Structure formats: structure tokens, C-alpha cells
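*Asks:* from the sequence below, what's the structure:
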Amino acid sequence: MAAITAAMVKELRQATDAPMMDCKKVLVEADGDMAKATELLKERGIAKAAKKADRVAAEGLVGLKISDDFTKATVVEINSETDFVAQNEGFKDLVLKTTEEIYATSPADVTTLNASAFGSYFSEKVAKIGEKIEVRRFATLNADDDTVAINGYIHSNNRIAVIISAKCDSAKTAEGIRPLLKNIAMHASAMKPTTLSYKDFDPSYVESETIGRIEVIKKDNEELARLKKPLKNVPLYISMIQLTDEVLAQAEADIKAELQAQNKPEKIWDKIVPGQLARFIDDNTTLDKEQALLDQKYVMDDKLTVAEAVEAEAKKLGGSAEIVDFVRLEVGEGIEKKVDDFAAEVAAQMG
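*Replies:* Here you go, the predicted model:
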């Protein structure tokens, strides 16, 4: 029997785009005959499925698995080309089994998963279904100890899933906070946060967003002025990351100067300034409220931010808690879908 080398496996993989373990398997069966090994891959549909790489898989489903003791949670996104296939029972079963595999084995990344024995199983199932299907991304959250609470939520359409973990002061608080974490996961599924806190924003991103948002408001105001309607407030900033001690000190000084200009008695300033400073912060942190989970208004009680809702619930339980991580997956998010010109396609086929 011919010795199967790594170079042979690499050559077959480059020629067919089939998973490495499948390449090695057929090379062994073909006794090192590259042409025969290629034919075996084609016969089994593995190479055929892999050669669909130029197609865009932007439909699909997400999977979610949470341990019975809420110490571990895994979320997975698997894409297909069409929603029709995504609703197929075979595809749904593949999502379920893939989620369970990732939960159980914790592969480092998609490449590692594809190179495993399960990757070969996945490829065989894809070949039977008959269109491009791929694991796009996944994540797992683990509780380091019994003071970490974990929960999650999957939307009824199985296209959005969220997992969340919170660090608590005790196991008792961790157990009691779980129901709230599920509600916050529901909140995140609807409100689409992109990061945990404003502190996570890249300064260059905030800077570019500031310029863009101010320009949008100015253009809106031009139209509002034409319609003789009240103008929108044009903020100076959009994130707490920009509100340095110097900026806040200047804002407070400006508020006091305005009160002085209005001849407000100085003895009542301490009752007015905090409220106006809070309004300044509110007006100048729109990015945080849109994209940072902890800074968003909690949908089930918009008087509180998500961070404040967690703090309040933990206090009721006699402890403290803070969300430390979350993962939100939405099917097709960020994928540029190919728009087919059906008429042009038909004309090309007829030509």
C-alpha cells in the first residue's frame, strides 16, 4: 500500500476544496492514486459541495444549548443559500447536532471543527442536502465558578440567539439573577447591541461616527427648517468615551454661565446644575445608547439602563452582579447578499 503523505493530502485538498480528513480517507482507499481519489470525492458529493464556494450562503439558522445547571452555553450560526433549505428538517437536524458537537468538544474555531471527524460528517450531510451550507461562527460561555450566572435566549424564528454571563457576589445571587439574564438576552436580540460597554469602542470609530451623525442631523435640520418645524439638538459628542473630566467641567461651567445670564439665584444652582448636566450627558451619548448593551435603556423598564436593571435586581437578592460578557448572533448579519438579475441570467442561458 502506498504511503499517504501530508503533501498528497494538501494537493488533493487544493484541487477539490474537500476537508482534509476526507482527502486523507479517499487517498488511502485509492492507494495514493490522485485521480481515483478525486473521483471518489465527486461520487460522494463532497468535492461538489465544496466547489460551491462562489455562492453566497446568507440564510440559515442559529442553534443554542444551555446546560441544565446554567454553567455553560453555546451559540452557533449555520448558513445556507436559501431559506427553503433552512426550513428543511435535515438542515434543522444538522444545526442541532452541530450545536451539540461544539458544546461538547469546544473546538478552537471553524477551521478546527471542519478538520475534525465531525467535519467529515457535516460535509456528507451537506452533499445530501445539495447546496452550499457552512458553519459561519460560534461561541461558548463558561462559568469559572458558582458565582457566575449564565443564560440565553433564542428567538422563535431561530435566526437570532443571545447568550449572557454575569459575575455575582455569591452563588445565591447568581442563581437568583438567571431569569433577568434571559430577559436581557431577549432585550439584546431586539436592540442589536454590538458591544458590552462604551469603554469597548475604538476611539477612531467614535470619531468617524461623530462626524457622520452630526452631518445627518444638520441635513435633517435643513429640512425641518424648511417645514418650519422644531430643529433637532446638534450634539458635540456621541459617547461617554469623549466626555472627559475637562469636557464635563466645561459643560458645568457653561450651565452656570447660562443660569447667571438668566439671573437665577446662585443659592438654587445646586438644584438645577445636576439635572442639566445629566441632560448634557444624555444628549451626547447617543452611540452608547444605541450600540453598547450596558448603556442601552432596558426595554422592560426604560427608566433604567441594562446595567442599572442588573444592579437593582441583584440588590433585591441581597447582593451584587455585573454582566461581563455576551454574544449575539443573527443569521446573515454582515454578509453582503448577491442580488441576481434573473432576466440577464435567462438571456445568458438562451444565448
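*Asks:* so who does Lys25 touch?
*Replies:* Ser120 (C-beta atoms under 8 Å, 6 or more residues apart in numbering). Backbone N, C-alpha and C define where each C-beta goes, glycine included.
*Asks:* how near is it to Gly130?
*Replies:* 22 Å (C-beta to C-beta, to the nearest Å).
*Asks:* which non-adjacent residue is nearest Cys23?
*Replies:* Leu12 (4.3 Å; C-beta to C-beta, 6 or more residues apart in numbering).
*Asks:* mean confidence score for the helix or strand where that neighbour lies?
*Replies:* Taking DSSP states H and E as the criterion, Leu12 maps to helix 6-16. Taken as a whole, helix 6-16 has an average pLDDT of 79.
*Asks:* repeat for stretch 294-305
*Replies:* The model assigns stretch 294-305 a mean pLDDT of 96.
*Asks:* what helices or strands is the helix or strand containing Ile272 leaning on?
*Replies:* Using DSSP H and E, the element containing Ile272 is helix 269-283. Where contact means 3 or more C-beta pairs under 8 Å, 6 or more residues apart in numbering; DSSP states H and E, helix 269-283 is packed against helix 245-261.
*Asks:* ok and the helix it packs on relative to helix 269-283, angle-wise?
*Replies:* 130 degrees (axes from the mean of the first three to the mean of the last three C-alpha atoms, to 10 degrees).
*Asks:* output the helix holding Leu12 as PDB, nothing but the C-alphas.
*Replies:* Below are the C-alpha coordinates for helix 6-16, written out as PDB (Å, rounded to 0.1, in the frame of the first residue of the first chain):
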ATOM      1  CA  ALA A   6       0.900  15.300   4.000                       C
ATOM      2  CA  ALA A   7       1.900  16.800   0.700                       C
ATOM      3  CA  MET A   8      -0.600  14.400  -1.100                       C
ATOM      4  CA  VAL A   9      -3.400  15.400   1.200                       C
ATOM      5  CA  LYS A  10      -2.600  19.100   0.700                       C
ATOM      6  CA  GLU A  11      -2.600  18.700  -3.100                       C
ATOM      7  CA  LEU A  12      -6.000  16.900  -3.200                       C
ATOM      8  CA  ARG A  13      -7.500  19.500  -0.800                       C
ATOM      9  CA  GLN A  14      -6.300  22.300  -3.000                       C
ATOM     10  CA  ALA A  15      -7.700  20.600  -6.100                       C
ATOM     11  CA  THR A  16     -11.100  19.800  -4.600                       C
END
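*Asks:* one step back: any idea how far Val126 is from the residue nearest to Cys23?
*Replies:* 18 Å.
*Asks:* same check on Val62?
*Replies:* 18 Å.
*Asks:* same question, Lys232
*Replies:* Separation of Lys232 from Val126 (C-beta to C-beta): 50 Å.
*Asks:* now do Phe201
*Replies:* Counting by C-beta to C-beta, the gap from Phe201 to Val126 is 38 Å.
*Asks:* same check on Leu304?
*Replies:* Leu304 is 45 Å from Val126, by C-beta to C-beta.
*Asks:* residues touching the longest helix anywhere in the chain, excluding its own?
*Replies:* Across the chain, the longest stretch assigned as helix under DSSP state H is helix 203-226. The contact list for helix 203-226 (C-beta under 8 Å, 6+ apart) reads 230-235, 237-239, 241-242, 286-287.
*Asks:* so who does Ile272 touch?
*Replies:* Taking C-beta under 8 Å, 6+ apart, we find Ile272 in contact with 255, 259, 264.
*Asks:* now those residues: which count as buried?
*Replies:* Buried by 16 or more other C-beta atoms under 10 Å: 255, 259, out of the contacts of Ile272.
*Asks:* so where's the stretch 51-200 of the chain uncertain?
*Replies:* 51-56 (pLDDT under 70).
*Asks:* what ranges do the helices span in it?
*Replies:* 83-86, 89-105, 110-114, 117-129, 171-191 (DSSP state H, counting those that start in this stretch).
*Asks:* list the helices and strands the first one packs on?
*Replies:* Read it as helix 83-86. strand 59-66.
*Asks:* quick one: the strand it packs on to helix 171-191, angle?
*Replies:* When the same axes, to 10 degrees is applied, the directions of strand 59-66 and helix 171-191 differ by 170 degrees.
*Asks:* distance check, Tyr205 against Val331.
*Replies:* For Tyr205 relative to Val331 (C-beta to C-beta), the value is 25 Å.
*Asks:* so between those two, which is more surrounded?
*Replies:* Using other C-beta atoms under 10 Å as the criterion, Tyr205 and Val331 rank with Val331 on top: 23 against 14.
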